[in-house]
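1. What would the 3D arrangement of this be:
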Amino acid sequence: MKPATSFFRDARLRELLFWCAPALLAGGLLRLFMEIRMPYGYIQFDTADFLRTPFRLLADHQYSIDSKKAFLTPTFFTLPFLLHIPALLFIPITQHLMGLIEVVVAGALIRLWFPLWRWIIIPATVLIAVSPWQLWYEHTLMGEANYVFFLFLVALLGTHWSQRPTWMNFAWFALSLFCICGTRAEGKIILLFGFALIPLVLWPRWIPMLAGALCLVVLYELASLGGGGSHAFSLLYATLFEFTPNDISSEPAVAPYLLPLRDETIKAAVDTPNDLVALAKKIDDQVEIYVRNKPGAGNKVKAQIAAIELHLCVEILKRRPLDVIVTPLEKFQLACDGWASGADFGPHALLDKQPKAISRLHGELDVLSPGLTGTKLDEDGMRQFVLAHYDPARMRWFTEYEDAWSTGSIALRLPDRPAPEPRWAHDFISMIPNPETVIPGIPVYFLVAFAGMLTAMLIPGPLRLVQTAWILAMLFTWYVATMVGVTNARFRFAYDPVCYAYAVAAVVWAIGGICRLARRSRAAKPEAPACTAS
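-> Next up is the predicted model:
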């Protein structure tokens with residue numbers, strides 16, 4: 001067995017670390033500065049859902065996952081409680097380290113996927129490493145940082161398996177897919193990348209192909225046991241609710257319960273998606289009344305509600321496919337000028353929103369506070385802890401950094417246009433004038449990134465099909481997340497880093513193409529005839 005130090009003697013790894021060094025240096029310094037200025041992690045409103053797992057484990061000795069969350073992040077957040085390390089210190093440090101490893105993983109992908117990787121790797125990895133949205137999520141007790149990490153790792157391990165198709169490499173690839181399924185509900189869609197790779201790598205060996213596909217099916221079922229996305233159909237139907245037909249065929253008797261609410265929703269916001277969370281709750285309430293009034297309703301009311309809403313979504317898709325298809329694109333544009341973090345670390349976030357998030361842990365702080373802070377605190381004690389350890393003035397630099405990054409990102413965009421109705425501003429920060437009354441133009445860097453993805457799928461190369469499979473799976477996952485989610489920029493948090501890399505690649509390819517055309521033009525230009533004496 002080779003010693004561990006031989007891993008670092010690998011020439012390819014040394015080369016990769018050399019090219020990633022600028023990004024690691026810049027990203028490492030930013031993360032270190034964040035830890036110095038605010039060493040404790042940010043408690044967001046959804047943090048309480050993740051902390052249900054350590055609470056139940058410590059209080060009742062039961063391992064359980066909140067129905068709205070996937071399994072990996074709550075389990076990861078449980079570790080510091082078991083190790084007796086303050087979770088508010090352990091989690092951000094660990095997630096920042098994962099962010100730096102993610103930079104190297106992204107660099108390895110660029111090294112493998114792009115022929116002109118030496119021109120792409122430094123600017124692309126630097127943009128990924130210093131993105132304020134990455135930094136914000138890494139410092140927050142949520143699952144997003146883990147999702148981004150495994151999104152890149154899945155791509156790398158899938159690529160490695162395609163180059164060396166052994167069952168051991170497939171096992172590592174499958175493990176990474178299992179992990180991304182455990183970070184967010186949308187992670188399960190990334191399994192499409194695995195199903196696409198199986199025929200690409202194993203064709204035409206039918207038995208190994210079937211075995212690999214069966215492994216992924218089992219993996220999906222195991223990941224589903226951990227919960228995650230219990231309200232997905234509710235949010236999806238809320239997104240499509242205005243398209244509900246008058247003559248509902250999938251469940252005709254539910255019409256009187258839903259159509260008046262549909263008409264109110266259309267009247268309140270004709271062309272602008274509504275507050276989907278509140279709307280989904282109203283829809284659920286109406287469908288629940290309908291279900292409970294049915295003869296023989298039974299006990300599985302939630303399952304019946306989800307089934308009815310799923311059937312309504314399918315019916316709307318069949319009747320109005322074009323409207324359904326463009327809805328995520330409209331939601332993406334409505335939020336394309338927002339901050340992908342959805343917040344800063346200013347006074348409102350730290351001193352107003354954070355105490356409200358802590359109030360969700362009211363009945364659990366006796367058990368959780370020692371593991372969170374190292375000291376047993378009640379709710380008032382936790383509020384005093386926030387006032388003592390979270391100083392917005394010390395994080396003003398980060399707010400200004402986010403502001404500058406967002407302003408620069410959207411400075412070049414397609415023309416804005418007036419909004420027919422005021423935009424809903426949930427977790428909404430925009431750098432354009434009068435944002436609530438404007439439909440923003442799509443930032444140019446997104447268009448350049450999409451052009452880069454298309455180019456990558458067309459350029460011949462040994463890994464073109466692997467890269468194509470990952471791009472399509474990633475874009476479809478992004479599309480579905482935007483379809484189901486509320487209308488804000490947070491649902492592109494994982495895909496901005498991907499866009500940075502492909503935007504840089506597109507620019508490099510464009511410059512290279514222009515240079516080649518210029519050289520060919522000079523080579524084809526006929527020389528001037530020599531002068532002769534008369």
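
2. Point out where the protein drops to low pLDDT.
-> 1-9, 226-232, 269-274, 296-298, 424-427, 526-534 (pLDDT under 70).

3. care to break it down by domain?
-> Domains of the chain are assigned by automatic domain parsing as 28-163+338-381+419-521, 232-319.

4. from the ones you listed, which stretch is densest packed?
-> Highest mean neighbour count of the domains of the chain: domain 28-163+338-381+419-521, a mean of 19 (counted as mean count of other Cβ atoms under 10 Å). Every residue, glycine included, has its C-beta placed from N, CA and C.

5. what's the span of it from first residue to last?
-> Counting by Cα to Cα, to the nearest Å, you get 45 Å between the two ends of domain 28-163+338-381+419-521.

6. And stretch 218-235, by the same measure?
-> With Cα to Cα as the measure, stretch 218-235 spans 27 Å from end to end.

7. who's in contact with residue 184?
-> Going by Cβ atoms under 8 Å, 6 or more residues apart in numbering, residue 184 touches 70, 143-144, 147, 228.

8. Apply 7 Å and report the result again.
-> The contact partners of residue 184, by Cβ atoms under 7 Å, 6 or more residues apart in numbering, come to 70, 143, 147.

9. Of the residues you listed, just say which sits nearest to residue 253.
-> Using Cβ to Cβ, residue 70 comes nearest to residue 253 of the contacts of residue 184, at 34.6 Å.

10. follow-up on the earlier one: in TSV: the domains of the chain, plus distance to residue 396.
-> Shown next, in TSV, are the domains of the chain (distance: least, Cβ to Cβ, whole Å):
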stretch	distance to residue 396
domain 28-163+338-381+419-521	7
domain 232-319	30
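
11. isn't residue 439 right up against residue 417?
-> Yes: counting by Cβ atoms under 7 Å, residue 417 is a contact partner of residue 439 at 5.0 Å.

12. just to revisit the earlier point, okay, and which of the contacts of residue 184 map to helices?
-> Mapping the contacts of residue 184 onto helices (DSSP state H) picks out residue 147.

13. separation between residue 138 and residue 66?
-> Applying Cβ to Cβ, to the nearest Å, the value for residue 138 to residue 66 is 22 Å.

14. let me fix that: residue 86
-> Noted for residue 86: a distance of 22 Å to residue 66, by Cβ to Cβ.

15. With residue 90 instead?
-> Distance of residue 90 to residue 66, computed by Cβ to Cβ: 20 Å.

16. What of residue 249?
-> From residue 249 to residue 66 the distance is 35 Å (Cβ to Cβ).

17. Check residue 113 too.
-> Look at residue 113 and residue 66: by Cβ to Cβ, they are 37 Å apart.

18. what's the offset of the lengthiest helix in the chain from the middle of its chain?
-> Ranked by number of residues, the top helix in the chain under DSSP H is helix 496-524. The gap between where helix 496-524 is centred and where its chain is centred comes out at 28 Å by Cα atoms, centre = their mean, to the nearest Å.

19. Phi first, then psi, for the residue nearest to residue 412 when sequence neighbours are not counted.
-> Excluding the flanking residues, the one nearest residue 412 by Cβ to Cβ, 6 or more residues apart in numbering is residue 444, at 4.1 Å. Per-residue torsions, residue 444: phi -60, psi -30 (degrees, to the nearest 10).

20. so residue 444 touches residue 415, yeah?
-> No: Residue 444 is not in contact with residue 415 according to Cβ under 7 Å; the separation is 11.6 Å.

21. How about the contacts made by the nearest residue to residue 87 once chain neighbours are set aside?
-> Residue nearest to residue 87 in three dimensions, not counting chain neighbours: residue 80, with 4.1 Å by Cβ to Cβ, 6+ apart. Contact analysis of residue 80 by Cβ under 7 Å, 6+ apart lists 86-87, 90-91, 371.

22. Heading C-terminal from the helix or strand hosting residue 80, find the next helix or strand.
-> Applying DSSP states H and E as the criterion places residue 80 in helix 72-83. Under the assignment DSSP H and E, the closest C-terminal helix or strand after helix 72-83 is helix 87-113.

23. got the contact list for whichever helix or strand comes after that following helix?
-> Scanning forward in sequence from helix 87-113 by DSSP H and E, the next helix or strand is helix 117-130. By Cβ under 7 Å, 6+ apart, the residues outside helix 117-130 that reach it are 19-20, 22-24, 26-27, 30, 103, 106-107, 110-111, 114, 134, 497, 500-501, 504-505, 508.
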